[in-house]
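Student: Below is the structure, and that's it, no one-letter string:
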């Protein structure tokens, strides 16, 4: 089944009901089906062939649906570009993915203008010309055949070697993830969802399930609490997909009497866990509305769920990531790769139809990540209890999750040591009450007496910001005089730097 068929089936089932609200623009399921048909037909008429890659540098907006579903129907491969990326990161992704076209929304034109566009790549900007081209394209569904193994998306996941890797996600991967969400989360046809997180990430992935069930989706350009609260009241919003930092703010607003969330039936959260103590407060203030989801780019998402029924204040499983979704197998293995008994801590491995086809043009990395039996080695460390609940206690691969965004230390370290004042740097994640973890840099300068500490740390933050996305910029710095800890081969011993900041905590993740 082609994943794009979800919108076609939704058009048959729900017809003229409202599918998407984007400001003053309202589009029915039938109109959305036609718009995506037209976009897919347009791309094929431009000379693109099934399997070609198209980059989408889009904010949360109606055109996200046109392009995403149109590319699926045409057998083309979408690669989302994070609008928070630095120009150099965008340049790398466009080149590595070998894209044939880029679709950019007007609010991100300035970012793309800073990026050298490869020869032969067509740039399409949303607006009047886009709408005119859409209207001129064929409204018929593109006659393209796909199957479960056809690649649907090339999603970029930062890697420990510094450069992000392209993850090949198939139509079958996404259909499995959509099935898991439908079964585990309980979306109803009268549900109304606001997208406030970037649709280039998890929030957009959730759209497939909502389309299938006939729920209405409202798109916001970003997280504006007052705008969100206004639309919750105006449209009777029942469903929110948030990261923990957003939930904490809502809890504070409700406690202060500044927000009414009585229409909200479900809040799905992921990206980073919520500490049990904070989660108990959230339950007390907002009620039994929470569902947690755990996953990763290499396994699409929704691989485990902690249900509403499991969100019990004071319950021993509030610290867990829930149980495996349908079709998902989870095992915890030791250093020798053998499964460990219940309760023993080791590396978390996943297996099932949601596991990626592999890394784009990186067979060695694929072989390292997925073993001969099909198990994806996640790099997360945890254990399973006797009820099959997964508890995540650490990360094997040093990844930092800050405000639901993944940061790999290596690329931040590479940016720092490129500064002429820096002799060496180690970057780690340390606890943060707001973001779960924050990026912390330990830096040894070439000339430690040459510049005031406040001036150099500000300069280093600016330096990194020019080269990487803003969420990767260290939020705190520590300047040292002694050489940083490394193993005999010269690799940084990040755990020695990281461990003191997490002393006394049961788990080493935010």
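Tutor: Great, that's in hand. Quick caveat: nothing in here was measured; it's all calculated off a predicted structure. Numbering: from 1, shown residues only.

Student: helix, strand or coil for the residue located most distally from the centre of the chain?
Tutor: Distance from the centre of the chain peaks at residue 449, with 41.3 Å (CA atoms, centre = their mean). Put simply, residue 449 is coil when judged by DSSP: H, G, I helix; E, B strand; the rest coil.

Student: One more: residue 461?
Tutor: helix.

Student: Can you check which helix is longest in the protein?
Tutor: When the chain is parsed with DSSP state H, its longest helix is helix 29-45.

Student: Tell me which helix or strand comes right after that one.
Tutor: strand 53-57 (DSSP states H and E).

Student: Show me what that following strand is in contact with.
Tutor: 43, 48, 64, 67-68, 71, 76-81, 83, 90, 93-94, 97-105, 108, 111-112, 154, 200 (CB atoms under 8 Å, 6 or more residues apart in numbering). No exception for glycine: its C-beta is placed from N, CA and C like everyone else's.

Student: buried residues in the next helix-or-strand element following that strand?
Tutor: Scanning forward in sequence from strand 53-57 by DSSP H and E, the next helix or strand is helix 62-73. By neighbour count with 16 or more other CB atoms under 10 Å, helix 62-73 contains the buried residues 62-73.

Student: before we move on, what about stretch 108-127?
Tutor: Neighbour counts using 16+ other CB under 10 Å place 108, 111-112, 115, 117, 124-126 of stretch 108-127 among the buried residues.

Student: ok, and the closest non-adjacent residue to residue 120?
Tutor: residue 100 (7.6 Å; CB to CB, 6 or more residues apart in numbering).

Student: just the buried members of the contacts of strand 53-57?
Tutor: The buried subset of the contacts of strand 53-57 - by 16+ other CB under 10 Å - is 43, 48, 64, 67-68, 71, 76-81, 83, 90, 93-94, 97, 99-105, 108, 111-112, 154, 200.

Student: Helix or strand for residue 305, just tell me which one.
Tutor: Going by DSSP H and E, residue 305 is in strand 304-306.

Student: Partner strands of that strand, with direction?
Tutor: Strand 304-306 has the following strand partners under DSSP bridges: strand 290-294 (antiparallel), strand 323-324 (antiparallel).

Student: just how off-centre is it within its chain?
Tutor: Centroid displacement of strand 304-306 relative to its chain, using CA atoms, centre = their mean, to the nearest Å, is 16 Å.

Student: can you list contacts of that strand?
Tutor: 180, 184-185, 290-295, 317, 320-325, 328, 330, 389-390.

Student: where does the chain have low pLDDT?
Tutor: Residues of the chain meeting the criterion pLDDT under 70: 158-162, 271-273, 394-396, 404, 450-452, 487-491, 506-510.

Student: Could you list the domains of it?
Tutor: Taking automatic domain parsing as the domain assignment, the ranges for the chain are 317-395, 407-502.

Student: Let's have these in a markdown table, adding distance to residue 270.
Tutor: Formatted as a markdown table, the domains of the chain follow (distance: least, CB to CB, whole Å):
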| stretch | distance to residue 270 |
| --- | --- |
| domain 317-395 | 9 |
| domain 407-502 | 12 |
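
Student: Please identify which helix or strand holds residue 361.
Tutor: Applying DSSP H and E, one finds residue 361 in no helix or strand.

Student: measure it to residue 53 for me?
Tutor: Separation of residue 361 from residue 53 (CB to CB, to the nearest Å): 12 Å.

Student: Compare the two (neighbour count), which wins?
Tutor: residue 53 (24 against 13; other CB atoms under 10 Å).

Student: Can you tell me how far the more buried one is from residue 176?
Tutor: Residue 53 is 22 Å from residue 176, where distance means CB to CB.

Student: what does residue 1 give?
Tutor: From residue 1 over to residue 176 the distance is 11 Å, taken as CB to CB.

Student: Which one of these two is surrounded by more residues?
Tutor: residue 176 (24 against 12).

Student: hang on, the more buried one packs against residue 301?
Tutor: No: Residue 176 is beyond contact range of residue 301, at 10.3 Å (criterion: CB atoms under 8 Å).

Student: between the two, what contacts are shared?
Tutor: Joint contacts of residue 176 and residue 301 (CB under 8 Å, 6+ apart) are residue 354.

Student: before we move on, back to that, the buried ones among the contacts of strand 53-57 in helices, which ones?
Tutor: In this view, these that belong to helices under DSSP H are 43, 64, 67-68, 71, 90, 93-94, 97, 111-112.

Student: From those, pick the one nearest residue 258.
Tutor: Proximity of those to residue 258 was ranked by CB to CB; the top entry is residue 64 with 30.3 Å.
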